[in-house]
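J.: sequence-free structure coming up:
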């Protein structure tokens, strides 16, 4: 005899633990995903925004999704919203299964696990989860009605509107209602009614595509459900939509085999333990297959760059394993902003001067890549990248802020006002927008803003075309020799490109740029250059540190010792001198 | 008892309705303006609809009064006794359509007036009376334009729309949401007719969509003998041919404020597409390897093809310090070549207007329907003048050879333009409002004496429209009637395979 246990108590404790774990998973392990989602959209309090969202079927989940996503400005609130949504999905699933004689926590937790997998992907917008919740809500309402006429009325009168509001999310509702009627109701006319359900489900979207919406015919039954996923994410998405029909069918089969059902469902220790094992396995799958730590770290670097918390950027860079173009690009920026670029840059992975900027590509690079130009006070190029990103992604706070600042700096106040007008109708960017709107009416006020004053001071007056793969550092310096970042980036790019012949011509300007001592990597480069070229290049007013000279002597000694076997040399020198410029220079494939 | 009660309720409802109508009339249409003090200054309106000449069939010119005040009144009246007042609490003057059209009908070839008074600190003050003129000539009923993000390189959402100029109704002709989001451009009509149209699709479903005689076709205009797909088009007045430029286009980005992108051609020729026979041809003069030929346009009689032409070899000269210098030396003159539409043959080339020697460049020539005038853009260099703040519209009188600069230009980019079917109106793209990025369609009256009148921007229902909209109005084209196409009709042909055009030597 297997002992029975107090099901309610266990149920509540189990649920409590599961949702606390769920909350912590997003709040701690996916916090930067949450920040990133917020940066990707903009909820605007305006009728125009509302109209735009509803210009295609499925506007409601997108609108609500965008509304809630604006609160992702705090990862804790974001995780809480995720958890609330997941809890609602769980409760509704449980209710639906219960209505179909299948009361089971584990089965109800499966959609939550699937959502967890999907929400671990930064491309899965919260509106998608809202769409699924709306689908469950409508079906729960439907199955709660016992009176068949009322149910039919709810479908025939309500579903067309539900389709207009939720689009593709409503399509599987037709299947669910059909299954419910055929398998779990006994009305004589249920077969005829369900035929009409199916006809309605096909006809209404088709008619709406012919009469109301301009949409591709092949997308009318799916939009706005995102299915451009692959691997486990696509599998999770498909399973999310077929899970409930699958459970309904299973329930019916089990109902036929009463004995099996009696064995599977009671709350005894065996079943609870089995359920726990299943849930732990699901959690394991989520963690192993869908949690992307690297992506979260990468998005974390981006987050701290936006917050100008440069030390935090470097802390994450320290933890980031391997090469990532975005991380390298942001790390170099953080090193410059914290005054350590020319002393520490070879403590981190480097990929040549292309690690100082992102490639121009019509992908996420547009979103991230403009930062270096605004930091360089290369305003037109910052505007260019922000504009392309705005077009590619749609309104998002980052691009709009960059554009507003850029056009304010350039004196195009009408255009800046347009972007600030949008930000002024948001919850969390209003204050920022109000402050910048004041600059438009009183440009002198802008002089109090360090970002604007720096960019105004460094505005280009002599024209040049932007380089496809470069940063136009020489052009920026021709316009403003005092551009500190352009100068340090120029030195860095010459180091990264191993272009010491030009470097020695540029280093004399260090005095003008306020270097009180020679930065370590410059020192290393010049010592190496003098040694190899038999020169004595020492910029006026500077001297080499004896410790650096001693280290180079030791490096050279070791190099000579292992010179016949490059692999061994790389290994031995890497242990001691892996973070020097000498090592970067001589072992390009082994650095970091 | 019940009946009496019902009657009483009905009476109360009626009396309330009556009072409401009286009140509404009093607020909106009272002919009496409050006593006010003359300010003796002009009101600032956005858009600026003061002292403009407008067609008798244009939609209400709604505007916002840029003045801090508690209440705003605008009185519209003419000498024929039409008189009504529009009130506003926020300065936005929304003119009732019926009253507006009645005012215009009664003011044809005459002036009408707008008095603006505002209430500030419990005192009404009046601005100078605005006088507008209603021309005799109507404007073509529809404006077709593309709404795009001011194009750099990326695009996402775009559409070609038609706007009924007599009201505010906008309907889409094509939306890229029905074609997997690809790019589309260069919509063009034959002699302002909505029955003969073409536009290009780029990207996945690439091809040129031609709408003629109620039929749609999709053509691939790239052949092994031409350098690219057809680009800037011009319908021959017969509707049998389309002249296309074929270009290799490059974009570069400026660094100084006030300039954004530079678009220029490294290769450029002109080809002729025979619509009925699906044949592409050209001639030596139009595909000269040492020259860049672009922006074709036909004379209304179809006997000449006008085009812009620049010497290409400046691109090869090594004596320029940088590419920056090189591109600014590409300057186009206006040429024309004779054409025999029966034999489909080109003849001799004439130079119509040379400006390259005066550090200028011509682009987008458009000939008036009577064949007498050419309206063109002039800028310092290059050809895509929408990105040149110095670009202005100029008028060449082909009878006298005199070039004039009509008083419709601004200090910002004034560019792409088309004539109405009557030749009495032009529409052009201007960046005068924000100075740099977002183009707006402006209309100007061209009277019988060859004078242009002060232009006005396309009126919108909401006075906030141009502030809020994040798109540019691109390629405004006037057409006489509604284009009988919509995205659903076009969706099928868009995804069909394009028919390859065949190249035939001249």
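T.: Alright, I've got the coordinates. This one's a predicted model, so the numbers in the text were calculated from it and none came from an experiment. Numbering: from 1, shown residues only, chains lettered A, B, ... in the order given.
J.: how many neighbours does residue A:453 have?
T.: For residue A:453, the neighbour count with other Cβ atoms under 10 Å in any protein chain shown is 13. From N, CA and C alone the C-beta is placed, and that goes for glycine too.
J.: Helix, strand or coil: sort out it for me.
T.: In the three-state summary, residue A:453 is assigned as helix, counting by DSSP: H, G, I helix; E, B strand; the rest coil.
J.: Relative to residue A:400, how far out is it?
T.: Taking Cβ to Cβ, to the nearest Å as the measure, residue A:453 and residue A:400 are separated by 21 Å.
J.: again, but for residue B:473
T.: Taking Cβ to Cβ, one finds residue B:473 at 21 Å from residue A:400.
J.: Does residue 86 fall in a helix, a strand, or a coil region?
T.: Since you didn't name a chain, this refers to chain A. Following three-state DSSP, residue A:86 is assigned to helix.
J.: my bad, the chain I had in mind was chain B
T.: Classification of residue B:86 using three-state DSSP returns strand.
J.: Contacts only, for it.
T.: Residue B:86 sits next to B:28, B:73, B:74, B:76, B:93, B:94, B:95, B:96 when contact means Cβ atoms under 8 Å, 6 or more residues apart in numbering or on different chains.
J.: isn't residue B:477 right up against residue B:143?
T.: Yes: in this structure, residue B:477 is within contact of residue B:143 by Cβ atoms under 8 Å, at 7.2 Å.
J.: between these two, what contacts are shared?
T.: Both residue B:477 and residue B:143 are contacted by residue B:427, under the criterion Cβ under 8 Å, 6+ apart.
J.: any idea which helix or strand comes after the least confident helix or strand in chain B by mean pLDDT?
T.: Between all helices and strands in chain B, the lowest mean by mean pLDDT, DSSP states H and E belongs to helix B:2-29, at a mean of 46. For helix B:2-29, the following helix or strand on the C-terminal side (DSSP states H and E) is strand B:37-38.
J.: Tell me which other helices or strands the following helix or strand past that next one touches.
T.: Downstream of strand B:37-38, the next assigned helix or strand under DSSP H and E is strand B:45-46. Taking 3 or more Cβ pairs under 8 Å, 6 or more residues apart in numbering or on different chains; DSSP states H and E as contact, the helices and strands that strand B:45-46 lies on are strand B:63-65.
J.: Pull up the residues of the stretch 351-500 of chain B that are close to chain A.
T.: Taking Cβ under 8 Å from any Cβ of the partner chain as the criterion, the neighbours of chain A within the stretch 351-500 of chain B are B:433-438, B:467-468, B:470, B:486-488, B:491.
J.: Nearest to residue B:205 among these?
T.: The nearest member of those to residue B:205, counting by Cβ to Cβ, is residue B:491 at 10.0 Å.
J.: which SS class is that closest one?
T.: Secondary structure of residue B:491, reduced to three states by three-state DSSP: helix.
J.: what residues are up against the spatially closest residue to it that is not a sequence neighbour?
T.: Taking Cβ to Cβ, 6 or more residues apart in numbering or on different chains, and ignoring the residues beside it in sequence, residue B:491 has residue B:178 as its nearest neighbour in space, at 4.5 Å. Under the criterion of Cβ under 8 Å, 6+ apart, the neighbours of residue B:178 are A:214, A:215, A:216, B:487, B:488, B:490, B:491, B:494.
J.: Quick one: mean pLDDT for stretch A:306-325?
T.: The predicted model assigns stretch A:306-325 a mean pLDDT of 95.
J.: and what of stretch B:61-78?
T.: 97.
J.: now do stretch B:299-312
T.: With pLDDT averaged residue by residue, stretch B:299-312 scores 96.
J.: what's the answer for stretch B:150-160, then?
T.: For stretch B:150-160, mean pLDDT rounds to 87.
J.: Near chain B, which residues of the stretch 451-592 of chain A? Just list them.
T.: Near chain B, when you scan the stretch 451-592 of chain A using Cβ under 8 Å from any Cβ, you find A:459, A:460, A:461, A:462, A:463, A:464, A:465, A:466, A:472, A:475, A:479.
J.: one more time with 10 Å, if that's ok
T.: Proximity of the stretch 451-592 of chain A to chain B (Cβ under 10 Å from any Cβ of the partner chain) is limited to residues A:456, A:459-468, A:472, A:475-476, A:479.
J.: top of those by neighbour count?
T.: Neighbour counts for these peak at residue A:476, which has 25 neighbours (criterion: other Cβ under 10 Å).
J.: so how far is stretch B:158-168 off the chain centroid?
T.: Once both centres are worked out by Cα atoms, centre = their mean, to the nearest Å, stretch B:158-168 turns out to sit 11 Å from its chain's centre.
J.: same thing with stretch A:115-127?
T.: Taking the mean C-alpha point of stretch A:115-127 and that of its whole chain, the gap between them comes to 10 Å (Cα atoms, centre = their mean).
J.: Can you confirm whether it lies near chain B?
T.: No: figure legend: stretch A:115-127 not in contact with chain B (Cβ under 10 Å from any Cβ); closest approach 15.9 Å.
J.: first vs last residue of that stretch, how far apart are they?
T.: Across its full length, stretch A:115-127 reaches 12 Å between end residues, using Cα to Cα, to the nearest Å.
J.: Likewise for stretch B:412-426?
T.: With Cα to Cα as the measure, stretch B:412-426 spans 18 Å from end to end.
J.: Just to be sure, residue A:83 is in a helix?
T.: Yes: when the secondary structure is assigned by three-state DSSP, residue A:83 falls within a helix.
J.: Touching, it and residue A:16? I think so.
T.: No: at 11.4 Å, residue A:83 does not count as touching residue A:16 under the criterion of Cβ atoms under 10 Å.
J.: Up against chain A, what does the stretch 201-350 of chain B have?
T.: Residues of the stretch 201-350 of chain B lying close to chain A (Cβ under 10 Å from any Cβ) are B:251-262, B:322-324, B:327-328.
J.: Contact residues of the stretch 101-250 of chain A facing chain B?
T.: If contact is defined as Cβ under 10 Å from any Cβ, the residues of the stretch 101-250 of chain A in contact with chain B are A:209, A:210, A:211, A:213, A:214, A:215, A:216, A:217, A:218, A:219, A:223.
J.: Could you look up the SS state of the second one?
T.: Classification of residue A:210 into helix, strand or coil gives helix, according to three-state DSSP.
J.: since we're on it, how many residues are nearby?
T.: Around residue A:210 there are 11 residues (other Cβ under 10 Å).
J.: Next up, the contacts around the closest residue to it other than its chain neighbours.
T.: Residue nearest to residue A:210 in three dimensions, not counting chain neighbours: residue B:488, with 6.7 Å by Cβ to Cβ, 6+ apart. Each residue near residue B:488 by Cβ atoms under 10 Å, 6 or more residues apart in numbering or on different chains is listed here: A:209, A:210, A:211, A:213, A:214, A:215, A:217, B:172, B:175, B:178.
J.: From the chain's centroid, how far away is stretch A:337-345?
T.: Once both centres are worked out by Cα atoms, centre = their mean, stretch A:337-345 turns out to sit 27 Å from its chain's centre.
J.: what helices or strands is the helix or strand encompassing residue A:254 leaning on?
T.: Taking DSSP H and E as the definition, one finds residue A:254 inside helix A:231-256. Counting contacts by 3 or more Cβ pairs under 10 Å, 6 or more residues apart in numbering or on different chains; DSSP states H and E, the secondary-structure elements packed against helix A:231-256 are helix A:75-99, helix A:105-119, helix A:126-144, helix A:171-184, helix A:258-264.
J.: Same question for the first one: list its buried residues.
T.: The reference is to helix A:75-99. For helix A:75-99, a neighbour-count test (16 or more other Cβ atoms under 10 Å in any protein chain shown) marks A:75, A:78-79, A:81-83, A:85-90, A:92-97, A:99 as buried.
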